[in-house]
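Student: What follows is a predicted structure for the sequence shown.
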Amino acid sequence: MGKIKIDAFSLLKRIRDQKPVVHHLTNWVTIYDCANIVKVMGASPVMAHAKEEVAEMAMIASALVLNIGTLTVDFVEAMKIAARSANKKGIPVVLDACGCGATQLRNKKSLELLDEVRIDIIKGNSSEVAKISGENVKTKGVDSVEVEKDLIELASKLARKQKCAVVITGKEDIVAGAEKVYLVKNGHSMMGNIVGTGCMAASVIGTFAAVEKDLPLAAASGLVCFNIAGECAIKSSYGPGIFKERLFDCLFNLDKKMIDEMQKVEACK
Amino acid sequence: MGKIKIDAFSLLKRIRDQKPVVHHLTNWVTIYDCANIVKVMGASPVMAHAKEEVAEMAMIASALVLNIGTLTVDFVEAMKIAARSANKKGIPVVLDACGCGATQLRNKKSLELLDEVRIDIIKGNSSEVAKISGENVKTKGVDSVEVEKDLIELASKLARKQKCAVVITGKEDIVAGAEKVYLVKNGHSMMGNIVGTGCMAASVIGTFAAVEKDLPLAAASGLVCFNIAGECAIKSSYGPGIFKERLFDCLFNLDKKMIDEMQKVEACK
Amino acid sequence: MGKIKIDAFSLLKRIRDQKPVVHHLTNWVTIYDCANIVKVMGASPVMAHAKEEVAEMAMIASALVLNIGTLTVDFVEAMKIAARSANKKGIPVVLDACGCGATQLRNKKSLELLDEVRIDIIKGNSSEVAKISGENVKTKGVDSVEVEKDLIELASKLARKQKCAVVITGKEDIVAGAEKVYLVKNGHSMMGNIVGTGCMAASVIGTFAAVEKDLPLAAASGLVCFNIAGECAIKSSYGPGIFKERLFDCLFNLDKKMIDEMQKVEACK
């Protein structure tokens, strides 16, 4: 892995200019956060889950974000309808495998989604992605170099198998495509102390994917911006409550200089 | 249109004194915001959507707010049951036509609600209200005087047709009744940068309608207070995250002097 | 009642060390707040309500929190499945009787839950708990000494009848077990000016119960910590918006010295 610079700001600017619609079928815990993080980047979030309208809503969107965090059987059926419509239109579909591994239902429904519709970006933490990949990986975090290597390998294999981008979030975020892997080393540990950052990361990735066809680059760029916002937010925070509001402020105010100077990205082919 | 002063504070004071119950069937994205904005004004929000209890809940309320932002077919059926109960009791029913125009389901269900129950206040942005009205209006915002005139005409026609009050939110908010039109020119553009202000506006209107029978006056008074809170909130904000929390703070702390001095209202018969 | 000191910090420390999973089936208004308050204490919230997975999810949890604030008939059925699983595993089940007394559905379903599954902690405000107890208590608040006595008696009787702990929240929180009653006199009136503090209190109680088998002590300790956080939060707040974020900050940062010095607890056998 070698240090590189990516032009994440140009993608953020594209979002602010084009204001893409990002359709979500997401979980009920963080639905506001997912909508608001999309909004503060300048894009247009829409949350709709009625089976009668999801296909039509996906058709007016530029990306679709699915999150199984509070799934039900019916809700996943609506996800499939929306995803088929998104597939038909050719817009990117992000799957946040939230809680995969915790119950049989989540495992089964994650795999069903991967089988029955085209998922363009799979996103989860190490244990969620390991579960989806079917690999028996011991996930002890990304602290040791060995495990980091393992997770990169895991993401890359799944990316090749599913012909999609794979994002493993953690202390360092891994973004794997068919040919390239990015490591995003920005962020702050306070992001792990609040509910919602994982789900918001998926929404950020979906929003970047709405304006950039190179999906690993889109995902890495989104994570760079989101994580730099986290680093900015911590400066004027005393705890997780104010921190979260400052996270919205910082992403809203993010500029080219900050992104260029603060980004810590590594890549390898 | 000529400048006028409305006594919005006396209505806010009535809310703080009477603490009316405001029943919502609203969307899942901003449900917390809708509840909290009602609460910080001193009223008592209640969110209930089970078809077995909505009629009873509406009976203990002083206003009912319906919002189709994340509608399903069943959810709209519960709305109808609640609205029939509200109609029977004679309390005002607000319909936030959130996302109307985006899908056939939203168009159909909005019209069904208008047909099958009595809606006392229709609220939406220009394209949502245009869709409901059946008019083929090109909505380019309210910047040009021509379009402003068109939107006032649109709101007035719909108000006469439906025998209700019509609110079109935007850079300037239009409130039309059978005989009178108010223009509320308060507010700040940051309110458009966060998710939830539109939905909260409907809840504010519903809460003011709970204590004042002159519904266009109630709606205009609510918007004056809400928008002035937005103007106050921006003063100590660096972005949309802190701004939103300050919006709650400012509405909570709003006093007669601020409302009287800061309000920018125009009216015509 | 006499003043006592409880070692609430040692329980909070246990939460921070053990990071227990706290499973919720809660209401849609405050679901984020419930998750986040658990998270900022260092525990691991999980929200899951699909009938196919709730039993399995409860099995990996250390406590279960049920809140009927936006109940439906199906949702309560999922609660029962989760609770039976929790009962089988032997983890504590908290019932927040949110809105009980407002509709027949809430009354009926609250009693059904008490009949069909084992509830270890019943939590509500005075009118909610009075309704559940079947007592015809006039609830005028806890200001007068007479009423305070009545509420303590009410909680104690229900605790003995149901063989569980009973929490009545209010200006002063009452925690009654079979043998002991705690009065927690911490807190700030601003906590009553926002939506969510009642629901969060139940989540805090559930999280403390996840690490301490003496349930009245767990509940009292949780309320001490939560209410002291409220007292800290008010110091740097101008209104309910910022206050709520500071509440998360303060609970996150709470230390032994603050808890020991600020707590105001009374107890009697």
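Tutor: Great, that's in hand.

Student: What are the neighbouring residues in contact with A:Ala220?
Tutor: The neighbourhood of A:Ala220, defined by CB atoms under 8 Å, 6 or more residues apart in numbering or on different chains, consists of A:6, A:8, A:173, A:175, A:182, A:184, A:265. In this view, the C-beta of every residue, glycine as well, is placed from N, C-alpha and C.

Student: can you pick the most crowded of those?
Tutor: A:Val175 (31 neighbours; other CB atoms under 10 Å in any protein chain shown).

Student: OK, contacts around that one?
Tutor: Contacts for A:Val175 were tallied using CB under 8 Å, 6+ apart; they are A:155, A:165-167, A:181-184, A:216, A:219-220, A:223.

Student: Could you rerun that using 10 Å?
Tutor: By CB atoms under 10 Å, 6 or more residues apart in numbering or on different chains, the contact list for A:Val175 reads A:121, A:123, A:152, A:155, A:159, A:165-169, A:181-184, A:205, A:215-223, A:265, A:267.

Student: cool, A:Cys98 as well?
Tutor: Applying CB under 10 Å, 6+ apart, the residues contacting A:Cys98 are A:26-27, A:29-30, A:66-71, A:106, A:110, A:123-125, A:128, A:198-199, A:202.

Student: Of the residues you listed, which belong to helices?
Tutor: Those of the contacts of A:Cys98 mapping onto helices are A:106, A:110, A:128, A:198-199, A:202, per DSSP state H.

Student: Nearest to chain C among these?
Tutor: Chain C lies nearest to A:Arg106 out of the ones in helices among the contacts of A:Cys98, by CB to the nearest CB, at 6.9 Å.

Student: Go ahead and confirm that closest one touches A:Ala97.
Tutor: Yes: if you go by CB atoms under 10 Å, A:Arg106 and A:Ala97 touch, sitting 7.7 Å apart.

Student: what's the closest of the ones in helices among the contacts of A:Cys98 to chain B?
Tutor: Nearest member of the ones in helices among the contacts of A:Cys98 to chain B, counting by CB to the nearest CB, is A:Cys199, at 12.9 Å.

Student: I'd say that closest one and A:Val38 touch.
Tutor: No: with contact defined as CB under 10 Å, A:Cys199 and A:Val38 do not form a contacting pair (11.3 Å).

Student: and for the two, which residues touch both?
Tutor: Shared contacts of A:Cys199 and A:Val38 (CB under 10 Å, 6+ apart): A:24, A:65.

Student: Looking at those two, which one has more neighbours?
Tutor: Taking neighbours as other CB under 10 Å, A:Cys199 and A:Val38 compare with A:Val38 leading, 28 against 24.

Student: Where does the more buried one sit, in terms of helix or strand?
Tutor: helix A:31-40 (DSSP states H and E).

Student: so how far is that helix from its chain's centroid?
Tutor: 13 Å (CA atoms, centre = their mean, to the nearest Å).

Student: Sort out which residues of it are buried, please.
Tutor: Buried residues in helix A:31-40, counted by 16 or more other CB atoms under 10 Å in any protein chain shown: A:31-40.

Student: Just send those back as a markdown table, with distance to chain B and pLDDT too.
Tutor: Below are those laid out as a markdown table (distance: CB to the nearest CB, whole Å; pLDDT from 0 to 100):
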| residue | distance to chain B | pLDDT |
| --- | --- | --- |
| A:Ile31 | 5 | 98 |
| A:Tyr32 | 6 | 98 |
| A:Asp33 | 9 | 98 |
| A:Cys34 | 9 | 98 |
| A:Ala35 | 4 | 98 |
| A:Asn36 | 5 | 98 |
| A:Ile37 | 9 | 98 |
| A:Val38 | 8 | 98 |
| A:Lys39 | 5 | 98 |
| A:Val40 | 5 | 98 |
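
Student: Just flag the most distant two among the residues you listed.
Tutor: A:Ile31 and A:Val40 (15.3 Å; CB to CB).

Student: all helices of the stretch 1-150 of chain A, in order?
Tutor: All helices of the stretch 1-150 of chain A, identified by DSSP state H, counting those that start in this stretch, fall at A:8-18, A:31-40, A:54-59, A:73-89, A:104-116, A:126-133, A:145-162.

Student: Let me have those in JSON lines, extended by distance to C:Lys256.
Tutor: What follows is the helices of the stretch 1-150 of chain A, written out as JSON lines (distance: least, CB to CB, whole Å):
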{"stretch": "helix A:8-18", "distance to C:Lys256": "43"}
{"stretch": "helix A:31-40", "distance to C:Lys256": "32"}
{"stretch": "helix A:54-59", "distance to C:Lys256": "51"}
{"stretch": "helix A:73-89", "distance to C:Lys256": "44"}
{"stretch": "helix A:104-116", "distance to C:Lys256": "38"}
{"stretch": "helix A:126-133", "distance to C:Lys256": "33"}
{"stretch": "helix A:145-162", "distance to C:Lys256": "35"}
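
Student: most tightly surrounded among the ones you listed?
Tutor: Per residue and on average, the most neighbours among the helices of the stretch 1-150 of chain A fall to helix A:31-40, with a mean of 26 (mean count of other CB atoms under 10 Å in any protein chain shown).

Student: wait, A:Thr169 sits on A:Gly124?
Tutor: Yes: if you go by CB under 10 Å, A:Thr169 and A:Gly124 touch, sitting 7.3 Å apart.

Student: which residues are common contacts for the two?
Tutor: Listed as contacting both A:Thr169 and A:Gly124 by CB under 10 Å, 6+ apart are A:96, A:198, A:202.
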